[in-house]
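Enquirer: sequence first, then the predicted structure:
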Amino acid sequence: PGQAGAVLWARALSERISQPFEGLQSLGRSIMTGDEGKEVVKMRDSLVSALSEFEKKHISMWLNGLDAKMQEKLRQPLLRREPDTQMLRMNFDPEVVRLLREVKYFSFLGVAAPASAMAVF
C-alpha cells in the first residue's frame with residue numbers, strides 16, 4: 001500500500017538508526033562527548049527529524065484525500081447496464097478496495113482513520 005508503506009518504511013529506517021545509537025550511548029559518555037560523537041548525535045537527530053516529517057506528510061496527505069475519494073467512490077451505483085447488450089454489470093471500483101486496505105494498514109500502524117472510512121471498514 002502506497003502511503004502506509006511509506007510510513008512503515010520511515011518508521012523502520014528510524015528504528016534501524018536508533019538501535020545502534022543506543023548501543024553507542026551504552027558504551028559510555030566519553031564516546032559521545034567528543035567532536036565526532038557530537039557530530040554523530042547531530043546527524044542522527046537530523047535524520048530522525050527528517051523521517052518524522054516525512055511520516056507526518058504522508059499521513060496528512062492520506063487523511064486529506066481519503067474522505068473525498070471514499071465518498072466519491074461509494075456514491076457510484078453498484079450495478080450498471082451495458083448500453084449495447086442491456087446486460088447488468090458490476091460497477092465496483094477496485095480503488096475502494098485499495099482505500100480500505102490503506103485504512104487497515106494505517107490502523108495497524110496506530111494512525112486513526114476518519115470516522116467515515118471506519119464506518120465502511
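Expert: Structure received.

Enquirer: check which helices and strands the one helix or strand in the chain whose mean pLDDT sits lowest sits against.
Expert: Of all helical and strand segments in the chain, the minimum by mean pLDDT, DSSP states H and E falls on helix 29-33, at a mean of 72. If you count contacts as 3 or more CB pairs under 8 Å, 6 or more residues apart in numbering; DSSP states H and E, helix 29-33 packs onto helix 2-27, helix 35-75. Every residue, glycine included, has its C-beta placed from N, CA and C.

Enquirer: switch the cut-off to 7 Å
Expert: helix 2-27 (3 or more CB pairs under 7 Å, 6 or more residues apart in numbering; DSSP states H and E).

Enquirer: mind listing what's buried along the helix it packs on?
Expert: For helix 2-27, the neighbour count (16 or more other CB atoms under 10 Å) marks 3-4, 6-8, 10, 14, 21 as buried.
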